[in-house]
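**Q** give the three-dimensional model of this entry:
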Amino acid sequence: MKNIYAVSVAFVLLTATTFAQHSDLYNQQKKEEYREFLRNHEYKNRPHYTEKELKAIPKKDRPDLSNELNVLQTLDPNLGYVPKDALIIAHKKTDLLVQQNKTAISGITWTERGPNNFGGRTRALMWDPNDGTG
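**A** Prediction:
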């Protein structure tokens with residue numbers, strides 16, 4: 001009985017070790033394939049500018065850099081391209097979660113102070129240190 005138990009434990013350990021090594025080699029191979037894919041990607045063939053030339057180009061005139069970043073962030077390494085169907089599904093799930101979580105936070109009251117005549121994001125806040133009302 002002890003021999004069967006010892007053989008079983010040894011078999012499980014050997015199998016787990018073999019699987020872990022194979023999995024690690026497979027992951028290393030996939031990483032190397034992805035590195036090679038990025039080395040040969042079309043975005044690597046764009047013109048190379050010096051640091052001085054890049055600073056001379058206004059960022060608003062470089063939408064290509066934004067597009068490159070977006071593509072590389074959403075690229076599926078296994079497929080080698082951006083899966084549009086998966087992005088659409090993700091957007092739908094996000095919209096559904098937003099709709100489900102539109103409840104107000106309990107215990108919080110909000111008083112809108114304005115201005116209400118234009119939209120946009122707040123990039124800075126400033127207060128007058130000489131104003132005693134805060």
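**Q** quick one, longest helix in this structure?
**A** When the chain is parsed with DSSP state H, its longest helix is helix 2-39.
**Q** tell me the first helix or strand C-terminal of that helix.
**A** Counting by DSSP states H and E, the next helix or strand C-terminal to helix 2-39 is helix 51-56.
**Q** render the CA-only coordinates of the helix or strand just after that following helix in PDB, please.
**A** Next in sequence after helix 51-56, counting helices and strands by DSSP H and E, comes helix 63-74. Taking Å, rounded to 0.1, in the frame of the first residue of the first chain, the C-alpha atoms of helix 63-74 are listed here in PDB:
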ATOM      1  CA  PRO A  63      -1.800  61.800 -34.700                       C
ATOM      2  CA  ASP A  64       0.100  58.800 -36.100                       C
ATOM      3  CA  LEU A  65       1.900  58.300 -32.700                       C
ATOM      4  CA  SER A  66      -1.500  58.200 -31.000                       C
ATOM      5  CA  ASN A  67      -2.700  55.600 -33.500                       C
ATOM      6  CA  GLU A  68       0.400  53.500 -33.100                       C
ATOM      7  CA  LEU A  69       0.000  53.400 -29.400                       C
ATOM      8  CA  ASN A  70      -3.700  52.500 -29.700                       C
ATOM      9  CA  VAL A  71      -3.000  49.700 -32.100                       C
ATOM     10  CA  LEU A  72      -0.100  48.200 -30.100                       C
ATOM     11  CA  GLN A  73      -2.200  48.400 -26.900                       C
ATOM     12  CA  THR A  74      -5.200  46.600 -28.400                       C
END
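**Q** quick check: buried residues in helix 63-74?
**A** Glu68 (16 or more other C-beta atoms under 10 Å). C-beta: built from backbone N, CA, C; applies to glycine.
**Q** hmm, who's touching it?
**A** Helix 63-74 has contacts (C-beta atoms under 8 Å, 6 or more residues apart in numbering) with 38, 43, 46, 59, 82, 87.
**Q** distance between the longest helix of the chain and the chain's centre?
**A** Its chain's C-alpha centre and that of helix 2-39 lie 28 Å apart, by C-alpha atoms, centre = their mean, to the nearest Å.
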